[in-house]
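J.: Need a 3D model of the following:
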Amino acid sequence: MVVLIFNIANAFILTSCWNYKETDNLTLVRGFSVDRVEDGNYFISIETADMHQAGTEGKGKAAIIESEGESMFDAVRNAVLVNVPRLYWAHSTAVILSQQVAQEGFLKVLDFLIRDAETRLDIHPFVYRGEYAKEIFNTTPISAVMVSEELKDMLHGQKFTSKTLLVQIYEVIERLEGEGISVVMPAVCVTEVNGAKTIKLCGLAIFKGDKLVGFLDEDETKYFCFATDEVDGGLLVVDAEHEGKKGKITLEILNSGTRFKARYKDDEISIQIRIRVRTSMNDVQIEEFPSTDNAINDLKRQANEQLKKDIENLIKKVQEINSDIFGFGSLVKKQLPKVWKEKGKDWDNNFKELKVEIIPEVEIVHTALLKDSIKKGD
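T.: Alright, predicted model coming up:
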């Protein structure tokens, strides 16, 4: 009897996973790009981890597989015609869309990503600022083995500069399906470092629905982060003036918080944005700049004015593009549901004319290791 119970218990304990797959029979996909070719087909370049040629540390080397098809799934399925084990998509970290694909609409690519059982919703989407997205895999990674891994690492690391935005596919879906808010994705481009081509994050891509309509550069992205409470660090470089002397003073952002208020008065919707930024003074390019209360207060005033102006200019640019990437409509829907019920149907026109009040409050908490600027002798 004891032996029988022991054998029954082992039958449950020692079973393997029902859907377990041997790694020798799989090719791990780490990222892929999507282009359109002349006949309208999708052209995908797939960066895979070649575990068969892994080094002594067990890290797979990068291998690129290219395939073409009438649809995304057709292109993926055609990749098996290449003499490699079956593609396994569960470890994908990045999808890079060409500008043409993004302008035509990314919904068909998104449909493949969320419909396939292996792909995950934490993939990072990018838009390539260049002709063909496949060019991204012709670059040399600086700090990673594969381009897809470096893209992911850069996105997470440079988030603290506030010049990019960490976006994942599930967030794209939320924005796409939401009311009063538009999709944004990080943009990536190719640059040269010491004569070698490598990748660089270069702002944000702006969408209207699922179609690309414009870009923000790195500085504009920073002001977008201020306006949407996404600042996690970075710098404020102030064009300052003191006692007739002009120069740049760099403030390091210690923390930042943004509060939003939707208002409705005299049949007009407006948005108020209050931004509180704590900084330290880390680089002074004005000779003999004193750390007196008057000088610091004057610097704070100039920083407030510059931040206010830069955010206002960004909002005007985005209003001309007419894509509510800030989510002002979503804010109105949440805070003024009755107003949204009346005005939300025509939000495109309302957004273009929306009045936005920016109230920044820059605080300088210390001047780092110097109380005053270095003075030159005779």
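J.: Pull the number of nearby residues for the closest residue to E218 other than its chain neighbours.
T.: Closest residue to E218 apart from its sequence neighbours, by Cβ to Cβ, 6 or more residues apart in numbering: K163 at 4.2 Å. Backbone N, C-alpha and C define where each C-beta goes, glycine included. Around K163 sit 22 other residues, with neighbours defined as other Cβ atoms under 10 Å.
J.: tell me the domain ranges of this protein?
T.: As assigned by automatic domain parsing, the chain contains the domains 21-216, 231-366.
J.: Format those as a markdown table; extra columns: mean pLDDT.
T.: Listed next are these as a markdown table, based on pLDDT from 0 to 100:
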| stretch | mean pLDDT |
| --- | --- |
| domain 21-216 | 89 |
| domain 231-366 | 95 |
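J.: about what we covered before: is it fair to say the residue nearest to E218 lies in a helix?
T.: No: per DSSP: H, G, I helix; E, B strand; the rest coil, K163 lies outside any helix segment and is coil.
J.: which residues of the protein fall in strands?
T.: Assigned by DSSP state E, the strands in the chain fall at 26-36, 42-50, 61-69, 86-88, 94-97, 124-128, 184-193, 196-208, 211-216, 235-242, 245-265, 268-284, 355-366.
J.: So what's the residue count around N313?
T.: Number of residues near N313 (other Cβ under 10 Å) recorded here: 12.
J.: Please disregard the earlier target; I meant D283.
T.: Using other Cβ under 10 Å, the number of residues around D283 comes to 13.
J.: Spit out the contact partners of it.
T.: 248-250 (Cβ atoms under 8 Å, 6 or more residues apart in numbering).
J.: go again using 7 Å as the cut-off
T.: 249-250 (Cβ atoms under 7 Å, 6 or more residues apart in numbering).
J.: Next: I286.
T.: If a contact means Cβ under 7 Å, 6+ apart, then I286 has 240, 242, 245, 247, 249, 373 as its contacts.
J.: Same question for T279.
T.: Counting by Cβ under 7 Å, 6+ apart, T279 touches 236, 251-254, 362-364.
J.: if we can go back for a sec, with distance to F224 as added columns, please give the domains of the chain in CSV.
T.: Output for the domains of the chain, formatted as CSV (distance: least, Cβ to Cβ, whole Å):
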stretch, distance to F224
domain 21-216, 6
domain 231-366, 6
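J.: Between these, which one is closest to K222.
T.: Set against K222 and scored by Cβ to Cβ, the domains of the chain come closest in domain 21-216, at 4.8 Å.
J.: Against V80, how distant is the residue nearest to the spatial centre of the chain?
T.: The centroid of the chain falls nearest to L165 when counting by Cα atoms, centre = their mean (2.9 Å). Note on L165: its distance to V80, by Cβ to Cβ, to the nearest Å, is 35 Å.
J.: Surely the residue nearest to the centre of the chain touches E230?
T.: Yes: taking Cβ atoms under 7 Å as the definition, L165 is a contact partner of E230 at 6.2 Å.
J.: quick check: angle from the longest helix along the chain to strand 355-366?
T.: Ordering each helix of the chain by length in residues (DSSP state H) puts helix 293-321 first. Using axes from the mean of the first three to the mean of the last three Cα atoms, to 10 degrees, the direction of helix 293-321 lies 150 degrees away from that of strand 355-366.
J.: Isn't G327 up against V183?
T.: No: counting by Cβ under 7 Å, V183 is not a contact partner of G327; they are 10.9 Å apart.
J.: The two: which has the busier surroundings?
T.: Comparing G327 with V183 by other Cβ under 10 Å, the one with more neighbours is V183, at 25 against 19.
J.: what about the residue lying closest to that one once chain neighbours are set aside, distance to L97?
T.: Computed as Cβ to Cβ, 6+ apart, the closest residue to V183 that is not its neighbour in sequence is F207, at 4.0 Å. For F207, the distance to L97 equals 11 Å [Cβ to Cβ].
J.: Pull the number of nearby residues for E66.
T.: Neighbour tally, E66, other Cβ under 10 Å: 17.
J.: which ones are touching it?
T.: Applying Cβ under 7 Å, 6+ apart to E66 gives the contacts S45.
J.: Enumerate the beta-bridge partners assigned to it.
T.: S45 (DSSP bridges).
J.: What of I358?
T.: Beta-bridge pairing of I358 under DSSP bridges involves I273.
J.: Provide a list of residues in contact with it.
T.: 273, 308, 311-312.
J.: Just send the strands of the chain back as JSON lines, with distance to E150 too.
T.: Shown next, in JSON lines, are these (distance: least, Cβ to Cβ, whole Å):
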{"stretch": "strand 26-36", "distance to E150": "10"}
{"stretch": "strand 42-50", "distance to E150": "11"}
{"stretch": "strand 61-69", "distance to E150": "10"}
{"stretch": "strand 86-88", "distance to E150": "21"}
{"stretch": "strand 94-97", "distance to E150": "9"}
{"stretch": "strand 124-128", "distance to E150": "12"}
{"stretch": "strand 184-193", "distance to E150": "10"}
{"stretch": "strand 196-208", "distance to E150": "7"}
{"stretch": "strand 211-216", "distance to E150": "21"}
{"stretch": "strand 235-242", "distance to E150": "23"}
{"stretch": "strand 245-265", "distance to E150": "25"}
{"stretch": "strand 268-284", "distance to E150": "28"}
{"stretch": "strand 355-366", "distance to E150": "34"}
